[in-house]
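Trainee: this is the structure alone, sequence omitted:
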């Protein structure tokens, strides 16, 4: 089959690779759409010690089951494979399973390929009226759905339901879409890039601003740099409020531990989603609660290297590029 | 009246000062016992920009109401004075009141004095069988009670109830006493000082260790240095667990934001207590749920300067020195 293979820092090649070999209980999926994630970019730049070349990246996939009793079923893929038996899995916190694996990280190849394999329990059927390119958004939307859920679980019930999202990339936009479903009465996105701000306003109906001097009960840091942790903790979050930190930008200092202590701020790290979060997100995506999702641009997987270069150079206004392995 | 006055870095003098002048609604309290807090030490070292010399420090007080309808009532003092009308106060989160004041910080003088003034709502009556020197522990115990409460409110219900406390000073020990009341099934204290460890074991019945390689669902950082935030977040807390940060040791980096994100760790800043927390702590103190509280050493307020010097030099094994303004 054909795949886009990460070969080293800023090196991607569209190559013939070995066909997928199924293990017991796995389904073969013909990949129809797969998104480029910030973590793919992180790996592409050689910044992710967990993703070593050569490797097939990509974990935001939707496609069609090939073979077996569900042959032909259109599905979106939960890329997180967990043991199902540990205390975390039993508590429905599969994302904390100590044996968790995600496709695009060894030992599991990713979905920047014509085929990928997954356990059936990781697949959610996509209704006929939902294009697979949009169904592939279930994964990044689930990340933000989970972050928004954690924020509302932690928020003191006396506080207002206004939320600020730092960063207007796919995860930030997805958070802005998930937060109202969870009960947010307003969402503001901070995005320094003017072109991206304009896109968020004009194409996504979002309240995107360059910065703010207002404070919020809920702040979602969808960037995760020292500077965003600093502004989230020192400037943007209200006393007694909640920061959910879903980005992994850098590990620099910035978090204002003194204000966090004196003003009782809760900081929650968020990683992926539970299996229920993924299914609930997919359901919300399918029934329109997460909007029209017209913020994708589809390109051929064959031109994946160019897509990465364009993203890196800031030449892409849309929050998400979806790659198609067959066109 | 006599008072111990902070006059500048490491300078304390026992002096005659002006008598207390009551405002409307305030009670005059004859101070019988007042504890030395880590934050008093912080101010004494000139490290607290909020506490400027000359100032009477001390906020852990118990005494006797003088005058008025409650003349002679034995009371312990909630030193946090709040507006009572803002959204935080209405939500019973008085510690987040934007107009909060605490005695020992301008404009309110502290309780290292023969008298102090407080609103009646800040006073909790002490039963006859409880010595005022122990009743003065209500304040530090309430700090830790509140921290323990926040930890259990945030803890996922699937997790075990084992807790680790970093630091065996008064706040750490108080946390170790409050946590079982909240439902902790075991508590371990990490304390690097061998003499203090021995005291915690032999006199307080605590499981005090030098360090541990076990992880815990709940970690209370009762120290608040960069190094303790580092070990709490990188080493001691379990995936999906909770760190409550109640110390204000320094503002150095250390918090492991990457692990916190990948392992969904919740970090909660804790500051003082609500009015209900203070009353609930006092009730638990009075009815014996917080133990015999035999971990205090009483000295004359007149010798307060020596007490601070001894604490600074590490010559004090007990977690709490109580000063008596009348002996």
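Mentor: Arrived safely, thanks for sending. All values derive from a computational prediction rather than experimental measurement. Numbering: from 1, shown residues only, chains lettered A, B, ... in the order given.

Trainee: for the host helix or strand of residue A:281, give the mean pLDDT please.
Mentor: Counting by DSSP states H and E, the element that carries residue A:281 is helix A:275-286. Taken as a whole, helix A:275-286 carries a mean pLDDT of 98.

Trainee: and if you look at stretch A:171-190?
Mentor: For stretch A:171-190, the per-residue pLDDT averages 98.

Trainee: cool, stretch A:150-164 as well?
Mentor: Here the average pLDDT along stretch A:150-164 is 97.

Trainee: list the buried residues for that stretch?
Mentor: Residues of stretch A:150-164 classed as buried: A:150, A:151, A:152, A:154, A:155, A:156, A:159, A:161, A:162, A:163, A:164 (neighbour count, 16 or more other CB atoms under 10 Å in any protein chain shown). C-beta here means a position set from N, CA and C on the backbone, and glycine is covered the same way.

Trainee: what comes up buried for the helix or strand hosting the first one?
Mentor: Pointing back at residue A:150 there. Element membership of residue A:150, judged by DSSP H and E, is helix A:138-154. For helix A:138-154, a neighbour-count test (16+ other CB under 10 Å) marks A:138-152, A:154 as buried.

Trainee: could you dump the buried residues of stretch A:150-164 into CSV and include distance to chain B?
Mentor: Listed next are these as CSV, based on distance: CB to the nearest CB, whole Å:
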residue, distance to chain B
A:150, 8
A:151, 11
A:152, 13
A:154, 7
A:155, 11
A:156, 7
A:159, 8
A:161, 14
A:162, 13
A:163, 17
A:164, 18
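
Trainee: ok, residues contacting the very next helix or strand once past the helix holding residue A:150?
Mentor: Counting by DSSP H and E, the next helix or strand C-terminal to helix A:138-154 is strand A:162-166. With CB atoms under 8 Å, 6 or more residues apart in numbering or on different chains as the test, strand A:162-166 has contacts from A:148, A:151, A:172, A:175-176, A:179, A:184-190, A:212, A:214, A:216-223, A:228, A:231-232, A:236.

Trainee: try 7 Å this time
Mentor: Outside strand A:162-166, the residues that touch it by CB atoms under 7 Å, 6 or more residues apart in numbering or on different chains are A:172, A:175-176, A:179, A:184-190, A:212, A:216-223, A:228, A:232, A:236.

Trainee: of the buried residues of helix A:138-154, closest to chain B?
Mentor: Checking these against chain B by CB to the nearest CB gives residue A:154 as the nearest, at 6.6 Å.

Trainee: if we can go back for a sec, just put the buried residues of stretch A:150-164 in a markdown table and tack on distance to residue B:14.
Mentor: Putting the buried residues of stretch A:150-164 into a markdown table (distance: CB to CB, whole Å) gives the following:
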| residue | distance to residue B:14 |
| --- | --- |
| A:150 | 52 |
| A:151 | 51 |
| A:152 | 53 |
| A:154 | 47 |
| A:155 | 48 |
| A:156 | 43 |
| A:159 | 46 |
| A:161 | 53 |
| A:162 | 51 |
| A:163 | 53 |
| A:164 | 51 |
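
Trainee: helices of the stretch 101-250 of chain A, start to end?
Mentor: A:132-135, A:138-154, A:170-182, A:194-204, A:226-231 (DSSP state H, counting those that start in this stretch).

Trainee: who wins for proximity to residue B:168 among these?
Mentor: Nearest to residue B:168 among the helices of the stretch 101-250 of chain A is helix A:138-154 (29.0 Å), distances taken as CB to CB.

Trainee: residues contacting that closest one, please?
Mentor: By CB under 7 Å, 6+ apart, helix A:138-154 touches A:35, A:37, A:59-60, A:76, A:79, A:124, A:170-171, A:174-175, A:178-179, A:182-183, A:218, A:220, A:242, A:244, A:246, A:266, A:268, A:270, A:272-274, A:277-278, A:280-282, A:285, A:290, B:154.

Trainee: centroid residue for chain A?
Mentor: residue A:140 (2.5 Å; CA atoms, centre = their mean).

Trainee: got the contact list for residue A:77?
Mentor: Contact analysis of residue A:77 by CB under 7 Å, 6+ apart lists A:29, A:61, A:62, A:111, A:118, A:122, A:123.

Trainee: which parts of the stretch 201-327 of chain A sit against chain B?
Mentor: Applying CB under 7 Å from any CB of the partner chain, we find that the stretch 201-327 of chain A lies next to chain B at A:224, A:229, A:239-240, A:245, A:248, A:251, A:253, A:255, A:257-258, A:260-271.

Trainee: out of those, name the ones that lie in helices.
Mentor: A:229, A:257, A:258, A:260, A:261, A:262 (DSSP state H).

Trainee: can you list the low-confidence ranges for the stretch 1-150 of chain A?
Mentor: Applying pLDDT under 70 to the stretch 1-150 of chain A flags no residue at all.

Trainee: next up, the contacts around the closest residue to chain B within it.
Mentor: Of all residues in the stretch 1-150 of chain A, residue A:91 sits closest to chain B, at 3.2 Å by CB to the nearest CB. Shown in contact with residue A:91 (CB under 7 Å, 6+ apart): B:156, B:158.

Trainee: can you tell me how far it is from residue B:162?
Mentor: Distance, residue A:91 to residue B:162, using CB to CB, to the nearest Å: 16 Å.

Trainee: residue A:41 belongs to a strand?
Mentor: No - if the criterion is DSSP: H, G, I helix; E, B strand; the rest coil, then residue A:41 is helix and not within a strand.

Trainee: how close does residue A:311 sit to chain B?
Mentor: 22 Å (CB to the nearest CB, to the nearest Å).

Trainee: now that residue. Nearest residue, chain neighbours left out?
Mentor: residue A:41 (6.2 Å; CB to CB, 6 or more residues apart in numbering or on different chains).

Trainee: can you report how many residues neighbour the one you found?
Mentor: Neighbourhood size, residue A:41 [other CB atoms under 10 Å in any protein chain shown]: 15.

Trainee: got the end-to-end distance for stretch A:153-162?
Mentor: End-to-end distance for stretch A:153-162: 14 Å, by CA to CA, to the nearest Å.

Trainee: residues near residue A:190, how many?
Mentor: When neighbours are defined as other CB under 10 Å, residue A:190 has 24 of them.
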